[in-house]
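Colleague: Have a look at this prediction, sequence included:
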Amino acid sequence: MVAFKFLAGGYDVFVATYLFNSATNTLSVQSKSPTGSNPSWITRNPTNQSLLYAVNENGNGALQSFHINSDGTLSAAIDTVSSGGSSPAFAAALSTGSVAVMNYDTGNGKIIPTTAQESKFSQSAPLITFPQPVGGVSHPHMALEHEGEVLVPDLGGDTIWRLKQNPGTGTYAIQGSIPQPKGSGPRHIAIFNDRLFTVHELASTLSVQNIPAQPNGTTITYATASIIPSNPSPGAVWAGAEILIPPPSSAFPTPYIYVSNRNTGTQTPTGDSIAIFEHVNQGQPNEGLVLINQVFTGLDQIRGMEFGNADNGCDQFLVASGVAGSAGVIILQRTEGGRNLQIVARDLSIPTRTSFVWL
């Protein structure tokens, strides 16, 4: 198989379907499916692969569901539900059938049960409000399900909240937290091999910690590394964004960590970089993070990026775009066993995109 499709959300009124041909390294927009405004983050149902969820990142935030048609287009919205707050920047479909949606600007979120084969939303899911830090504002930025918890990094609160479901009522509440350095701004997280990896937007760092026992076990930070490229250009203002750890495979046996940098300051032709790290010596006194490479993309403020599916034979490819500028969407290919990336395709039809789902 050499032709792959993926969906791309953004700050617009549609989700775009792209076609990538890996034999000819060509990338093109196949269609644009109308949605509510600003479907900036999209996520696929983990068990019903024909279902897509999209946020509407607006002042009155919402979450929508769509059917993915066989040609890669989307149906009209099946259902829409309020997110309960402003600027929902992330949604995650959970194994329970619920969908977590987090409101960046109002410090709250919902975990919304679904019905009708997980295509329709409960309209009565309670709002989860996160504590306001002293002198600051809570900014929940994502949600990650792990061993019966939902972990929510709070960029404004410098912590990762631990949500637990009440078995009697089915609702979620905060049961604990994993503290992060003051002023670091934890944005996105990933878990691999019993370690928690966090990219901090404000500090531009990547850290590796243990996963403390629930609800408030002891936290150990084994290493923290800067993700900023060396010799940055004058006027550059870096901010961490996405973190991905694709599962090992025969072609890519080492689980490298890929972290995007966003230059929110003066742009240069080289654009944002993707930093590649290796987690080394786990369980040893010298456990740490080693920077392997910095790959420049020509993109302006990478928000989301996504690796292809190993089951479909496209896990060697990474799609990325910027939230600003006009550099479009690019496909990068993993080389040197994952230690490097090279740009193999670019499409400029749509200047910016913010999140992706491979089909």
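Modeller: Happy to help now that I have it.

Colleague: Now do the helices in the stretch 51-200 of the chain.
Modeller: Shown for the stretch 51-200 of the chain, no helices are assigned by DSSP state H, counting those that start in this stretch.

Colleague: any idea of the mean pLDDT in stretch 146-158?
Modeller: The pLDDT scores in stretch 146-158 average 97.

Colleague: how long is it from one end to the other?
Modeller: Stretch 146-158 has an end-to-end distance of 20 Å (Cα to Cα, to the nearest Å).

Colleague: Would you mark the buried spots in it?
Modeller: Of all the residues in stretch 146-158, those buried under the rule 16 or more other Cβ atoms under 10 Å are E149, V150, L151, V152, P153, D154, L155, G156, G157, D158. Any C-beta I mention is one placed from the backbone N, CA and C, and that applies to glycine too.

Colleague: Contact partners for the closest residue to W161 other than its chain neighbours?
Modeller: Once flanking residues are discounted, W161 sits nearest to V152: 4.4 Å by Cβ to Cβ, 6 or more residues apart in numbering. When contacts are counted by Cβ atoms under 8 Å, 6 or more residues apart in numbering, V152 is found next to A100, M102, G109, F130, P140, H141, M142, A143, L144, I160, W161, L163.

Colleague: OK, contacts around the first one?
Modeller: Okay, so that is A100. A91, A92, L94, G109, K110, I111, I112, A143, E145, V150, V152.

Colleague: and if you look at the fifth one?
Modeller: Contacts for P140 (Cβ under 8 Å, 6+ apart) come out as M102, N103, Y104, G107, N108, G109, F130, V152, P153, D154, L155, W161.

Colleague: what's around the first one, how many residues?
Modeller: It refers to M102. 32 (other Cβ atoms under 10 Å).

Colleague: how much space between it and I42?
Modeller: In this view, M102 and I42 are 14 Å apart by Cβ to Cβ, to the nearest Å.

Colleague: Repeat that for S124.
Modeller: In terms of Cβ to Cβ, S124 sits 24 Å off from I42.

Colleague: These two - which one has more neighbours?
Modeller: Neighbours per residue (other Cβ under 10 Å) separate S124 from I42, with I42 holding more: 25 against 8.

Colleague: Counting neighbours, what do you get for the closest residue to that one other than its chain neighbours?
Modeller: Using Cβ to Cβ, 6+ apart and skipping residues adjacent in sequence, the residue nearest I42 is G9, 4.2 Å away. G9: 25 surrounding residues under other Cβ under 10 Å.

Colleague: Next up, the contacts around the closest residue to G59 other than its chain neighbours.
Modeller: Distance criterion Cβ to Cβ, 6+ apart; nearest residue to G59, sequence neighbours excluded, is S86 at 5.1 Å. Residues in contact with S86 (Cβ under 8 Å, 6+ apart) are N58, G59, N60, G61, N103, Y104, D105, T106.

Colleague: can you check P246 too?
Modeller: F252, P255, Y256, Y258, F307, A310, D315, G338.

Colleague: what's the helix or strand for the first one?
Modeller: Here F252, judged by DSSP states H and E, is contained in no helix and no strand.

Colleague: Give me the number of neighbouring residues for the residue nearest to it when sequence neighbours are not counted.
Modeller: With Cβ to Cβ, 6+ apart as the criterion, F252 has its nearest non-adjacent residue at 4.4 Å, and that residue is G338. Using other Cβ under 10 Å, G338 has 23 neighbouring residues.

Colleague: From A320, how far out is G338?
Modeller: 15 Å.

Colleague: so the residue nearest to F252 sits right up against S249, yeah?
Modeller: No: taking contacts as Cβ atoms under 8 Å, G338 lies outside contact range of S249: 9.5 Å.

Colleague: quick one: common contacting residues for the two?
Modeller: With Cβ under 8 Å, 6+ apart, G338 and S249 have no common neighbours.

Colleague: Give the buried residues for stretch 327-346.
Modeller: 327-334, 338, 341, 343-346.

Colleague: my bad, stretch 127-145
Modeller: Those would be I128, T129, F130, P133, S138, H139, P140, H141, M142, A143, L144, E145, for stretch 127-145 by 16+ other Cβ under 10 Å.

Colleague: OK, contacts around the nearest residue to S177 once chain neighbours are set aside?
Modeller: Leaving aside its sequence neighbours, S177 sits nearest to T159 (Cβ to Cβ, 6+ apart; 4.6 Å). Residues in contact with T159 (Cβ under 8 Å, 6+ apart) are P153, S177, I178, P179, Q180, P186.

Colleague: Tabulate those residues (CSV), appending distance to S119.
Modeller: Converted to CSV, the contacts of T159 look like this (distance: Cβ to Cβ, whole Å):
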residue, distance to S119
P153, 28
S177, 33
I178, 33
P179, 38
Q180, 36
P186, 32
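
Colleague: I'd like to know which of those residues are buried.
Modeller: P153, S177, I178, Q180, P186.

Colleague: Out of these, list just those in strands.
Modeller: P153, S177, I178, P186 (DSSP state E).

Colleague: Can I get the residues you listed in CSV including distance to V13?
Modeller: Listed next are those as CSV, based on distance: Cβ to Cβ, whole Å:
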residue, distance to V13
P153, 29
S177, 37
I178, 37
P186, 31
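
Colleague: ok, of those, which one's closest to Q209?
Modeller: Nearest to Q209 among those, counting by Cβ to Cβ, is I178 at 7.1 Å.

Colleague: I figured that closest one was touching D154, is that so?
Modeller: No: counting by Cβ under 8 Å, I178 does not reach D154; the two are 10.3 Å apart.
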